[in-house]
Structures are given as structure tokens and as C-alpha cells.
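Enquirer: One predicted model, sequence on top.
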Amino acid sequence: MSEVELDPVIHSASRLRVVATLAALERGDRVSFPRLQKLLDMTAGNLSTHLRRLEAAGYVTQTKTFSGRTPATYVELSTAGRAAFERYTHTLSELLKGAQE
């Protein structure tokens, strides 16, 4: 079996949870930061840190808007992020198949 590497940006347990949660949304759908924070049971600071790393890799986009005078942040998986997650899950599946042989 050739040496296969999992995407280190996604492979972090917390970032994998973020990407997997966003990948469950339909393409083009987004989720509010507080909703994502609640779904993942993460602190705002921890989630922000992981989102910045994913955003730097081009895997997520964050849109900051206002609802009246209240700031609102929405997060969605980018096309590149969805492709990276698909590659990640395919690679992981292949690694697991190889481990069974």
C-alpha cells in the first residue's frame, strides 16, 4: 500500500467535527455561529480558533452581517472545503480497508 496522508487541517478532532457538521448542510446553506457553537458544544473562543484555521485553508467562509443592530455571523462550507472533506473521507475509508487486509 502506498503512503497516504490525511488532510492535517481537517484531521484535528475539533475541526473534523466542524467540517462534518457543515458538510451535512445542503450546498449553499449556512448556519449561524451561535447555532454551530451549540451543535458542537464548543466555547466561542475555541470554535473561533478552529474556524479561522479552516478559513485560512479556504475550507469555510464566514459572513458577518447585522440583524437590526445586532451583529450576526454565518458559517458555511466552501466548495473547496466540501471537496477536501470528500477527499478526507475517501482517504480514511481506503486506509481502513487496507488495515483490514
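Expert: In hand now; what should we look at? Numbering: from 1, shown residues only.
Enquirer: Can you tell me which residue sits nearest the middle of this structure?
Expert: Nearest to the mean C-alpha position of the chain, by Cα atoms, centre = their mean, lies residue 19 at 2.0 Å.
Enquirer: pretty sure it is touching residue 53, no?
Expert: No - using Cβ atoms under 8 Å, residue 19 makes no contact with residue 53, being 10.9 Å away. C-betas here are computed from N, CA, C, even on glycine.
Enquirer: before we move on, the earlier item: how about the contacts made by the residue nearest to the centre of the chain?
Expert: Contact partners of residue 19, counting by Cβ atoms under 8 Å, 6 or more residues apart in numbering, are 10, 54, 59, 60, 77, 81, 84, 85, 88.
Enquirer: Next: residue 25.
Expert: Residue 25 touches 31, 76, 77, counting by Cβ under 8 Å, 6+ apart.
Enquirer: Give the helix, strand or coil label for the second one.
Expert: Right, the one you point to is residue 76. strand (DSSP: H, G, I helix; E, B strand; the rest coil).
Enquirer: And the helices in this protein?
Expert: 8-11, 13-23, 33-40, 44-56, 79-100 (DSSP state H).
Enquirer: buried set for the shortest one?
Expert: To tie it back to what came earlier, the one meant is helix 8-11. Buried positions in helix 8-11, judged by neighbour count with 16 or more other Cβ atoms under 10 Å: 9, 10.
Enquirer: Contact partners for residue 23?
Expert: For residue 23, the contact set (Cβ under 8 Å, 6+ apart) comprises 77, 81, 82, 85.
Enquirer: Residue 73 now?
Expert: 32, 33, 62, 63, 64, 65.
Enquirer: Dump those residues into JSON lines; add distance to residue 71 and pLDDT as well.
Expert: Below are these laid out as JSON lines (distance: Cβ to Cβ, whole Å; pLDDT from 0 to 100):
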{"residue": "32", "distance to residue 71": "11", "pLDDT": "96"}
{"residue": "33", "distance to residue 71": "10", "pLDDT": "97"}
{"residue": "62", "distance to residue 71": "12", "pLDDT": "97"}
{"residue": "63", "distance to residue 71": "11", "pLDDT": "96"}
{"residue": "64", "distance to residue 71": "6", "pLDDT": "94"}
{"residue": "65", "distance to residue 71": "8", "pLDDT": "94"}
